[in-house]
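# Here is my input; please provide its structure:
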Amino acid sequence: MVALPGPQRRTKAEARGCVPDPLPLPAHRRPSDALPERTSGDQSNGAAERGGHLGKRHHEGRWTIERVCPGDIRDSRRIRAMASANKYGLSRDIDAAAKRAVRQRDGFGCVICGSAVYTYEHVDPTFAEARVHDPHCITLLCGGCHSRVTKGLLAKATVQHAMTSPKCKETGFSFGPFDIGSEPPTIRVGPVTARNVAVVIQAMGDDILSVEPPEDSGGPFRISALLANESGTEVLRIKRNEWQTPVQNWDVQVVGAKITIHNAPGDIALDLVAVPQTGITVERLNMFHKNARLMVRPDQGLVVRSPSGAEFTTSGATINDSQVALCVRPDGIVVGQGGGSVHIETMMGGPNPDTGWPSIATSSQPRADPDPPLVCREPYARPGAKIGRNQPCPCGSGMKYKRCHGA
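Purely as a prediction, here's the structure:
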């Protein structure tokens, strides 16, 4: 007598139709026949060989492994893009010209509080009802003000009223904070790195970029700066870790931690990147201050020119523990003033063409003379016995011979 199998018992989850998806098997435990065999008429497998990959698909209670073609990936991206559009098919991506028009009208900051860390908000109509990205219907709101609008704590009518008189236009600038730690910050100006330096750039007696110690123990160091463009117009100022951008700028764009200021289309006046708890980096600058010029370009490095015509160019330098890292005077340029250490990878410069005096000096030790004569690094002809590598350089720079003309 043969026993017939009885009916299989179902779990409560299966009876309700809530069967969880089975976990996929590891690659080493999958049966070899899990992959579908390719036939001569299967064009999808041929497309997969031209760049596709294997993907899992759950269908009718079981997992199958299929080939996914690049076209399928593009389709999925297109579906996600369509999901982010409103009912009229308008994408959330606003074109660059419309964004710039909104920034220029609102003064490069939130219309309510003036913060330069902002988002673009459709006011009337809202994005759900908008058919085009009209700059007249879009405004700038910071994260806090935007959250108040979405939570119903700030009326759209209040935002519309602020659009007629933006906060930045009243104060004259937009603002944002830098996150500076309790350790001495690292300031990078192009290829030049300054650490534990009181004044990073000084031009014609004015501190262009400086660092103050913390007010209280454990507090942050305080960075201050006054940066201008090639015509001498101020484009950004920093007041003790708060940066401000005047509304007179042609365009100011904040993307992530990077601040970009344009004088005109394609003409970048400043590229500055904030490095939280570490410092700031000036990636691009073309500045003019009292007939002194300071230029930072990725392809040219750092170029400094004094009013007398002396020029200092470098593609890499590190200055530590100095009073002034880079000092531009009417008659020349000093690097590493007030002690500390200076390491310059490459440097170019020459004497003052007007006075004939040496025009560039480097200092690696404190000098007793408050106004030392500037020394030019020119080829030195040995008058007598050979100079030791660790002996002071006869040119008078104060550096070892191996670090100066013996390099």
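# Domains in this structure, by residue range?
96-173, 178-376, 380-407 (automatic domain parsing).
# Any chance of a markdown table for the ones you listed, columns mean pLDDT and mean neighbour count?
For the C-beta atoms, the positions are set from N, CA and C on the backbone; glycine is no exception. What follows is the domains of the chain, written out as a markdown table (pLDDT from 0 to 100; neighbours: other CB atoms under 10 Å):
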| stretch | mean pLDDT | mean neighbour count |
| --- | --- | --- |
| domain 96-173 | 93 | 17 |
| domain 178-376 | 85 | 18 |
| domain 380-407 | 75 | 14 |
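# Could you check how far the nearest residue to Gln300 once chain neighbours are set aside is from Met295?
Among residues not flanking Gln300 along the chain, Thr313 sits closest, at 7.6 Å (CB to CB, 6 or more residues apart in numbering). Between Thr313 and Met295 the computed distance is 9 Å (CB to CB, to the nearest Å).
# same check, this time on Ala317
For Ala317, the distance to Met295 (CB to CB) stands at 15 Å.
# and what of Val275?
When CB to CB is applied, the distance between Val275 and Met295 equals 22 Å.
# All the strands of the stretch 251-400 of the chain, residue numbers only.
Using DSSP state E, counting those that start in this stretch, the strands of the stretch 251-400 of the chain run over 251-255, 258-264, 267-275, 279-289, 292-297, 301-305, 311-320, 324-329, 332-337, 341-349, 360-362.
# where exactly do the strands run in the stretch 51-200 of the chain?
Remark: strands of the stretch 51-200 of the chain, listed N- to C-terminal, are 53-59, 62-68, 118-122, 138-142, 173-177, 186-189, 192-195, 199-203; assignment by DSSP E, counting those that start in this stretch.
# before we move on, the earlier item: the residue nearest to Gln300 bridge partners, please.
Using DSSP bridges, the bridge partners assigned to Thr313 are Val303, Met348.
# contacting residues for Met295?
Neighbour list for Met295: Leu285, Asn286, Met287, Leu302, Val303, Val304 [criterion: CB atoms under 8 Å, 6 or more residues apart in numbering].
# make it 10 Å
Remark: with contacts taken as CB atoms under 10 Å, 6 or more residues apart in numbering, Met295 is in contact with 190, 230, 284-288, 301-305, 313.
# Check Arg284 too.
In this structure, Arg284 makes contact with Gly190, Thr260, Ile261, Ile268, Ala269, Leu270, Asp271, Leu272, Met295, Val296, Arg297, Pro298, judged by CB under 10 Å, 6+ apart.
# cool, Cys168 as well?
When contacts are counted by CB under 10 Å, 6+ apart, Cys168 is found next to 103, 106-111, 113-116, 140, 174-175, 244-247, 252.
# can you redo the contacts of Met295 as JSON lines with distance to Cys395?
Rendered in JSON lines, the data for the contacts of Met295 read as follows (distance: CB to CB, whole Å):
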{"residue": "Gly190", "distance to Cys395": "26"}
{"residue": "Glu230", "distance to Cys395": "34"}
{"residue": "Arg284", "distance to Cys395": "34"}
{"residue": "Leu285", "distance to Cys395": "31"}
{"residue": "Asn286", "distance to Cys395": "32"}
{"residue": "Met287", "distance to Cys395": "30"}
{"residue": "Phe288", "distance to Cys395": "31"}
{"residue": "Gly301", "distance to Cys395": "23"}
{"residue": "Leu302", "distance to Cys395": "23"}
{"residue": "Val303", "distance to Cys395": "23"}
{"residue": "Val304", "distance to Cys395": "20"}
{"residue": "Arg305", "distance to Cys395": "22"}
{"residue": "Thr313", "distance to Cys395": "19"}
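# Could you work out the most separated pair of the residues you listed?
Farthest-apart pair in the contacts of Met295 is Phe288 and Gly301; separation 18.3 Å (CB to CB).
# Now tabulate the strands of the stretch 251-400 of the chain in CSV and tack on distance to Ser217.
Putting the strands of the stretch 251-400 of the chain into CSV (distance: least, CB to CB, whole Å) gives the following:
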stretch, distance to Ser217
strand 251-255, 32
strand 258-264, 30
strand 267-275, 23
strand 279-289, 20
strand 292-297, 35
strand 301-305, 35
strand 311-320, 23
strand 324-329, 26
strand 332-337, 29
strand 341-349, 27
strand 360-362, 35
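# Looking at these, which is nearest to Leu226?
The closest approach between Leu226 and any of these, judged by CB to CB, belongs to strand 279-289 at 8.3 Å.
# So what's the gap between the closest one and the chain middle?
How far strand 279-289 lies from its chain's middle: 12 Å, per CA atoms, centre = their mean, to the nearest Å.
# so what strands line up beside that strand?
For strand 279-289, the paired strands and their directions (DSSP bridges) are strand 186-189 (parallel), strand 267-275 (antiparallel), strand 292-297 (antiparallel).
# Grab the nearest non-local neighbour of Ala198.
Ranked by CB to CB, 6+ apart and with sequence neighbours excluded, the top spatial neighbour of Ala198 is Gln323, at 5.4 Å.
# surely the one you found meets Val211?
No. Gln323 is not in contact with Val211 according to CB atoms under 10 Å; the separation is 11.3 Å.
# Overlap of the contact sets of these two?
When contacts are counted by CB under 10 Å, 6+ apart, Gln323 and Val211 are jointly contacted by Val197, Ala198, Val199.
# any chance of those residues in a markdown table, plus distance to Leu236?
Rendered in a markdown table, the data for the shared contacts of Gln323 and Val211 read as follows (distance: CB to CB, whole Å):
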| residue | distance to Leu236 |
| --- | --- |
| Val197 | 20 |
| Ala198 | 21 |
| Val199 | 18 |
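# What is the nearest of those to Tyr401?
Each of the shared contacts of Gln323 and Val211 was checked against Tyr401 using CB to CB; the closest is Val197, at 25.7 Å.
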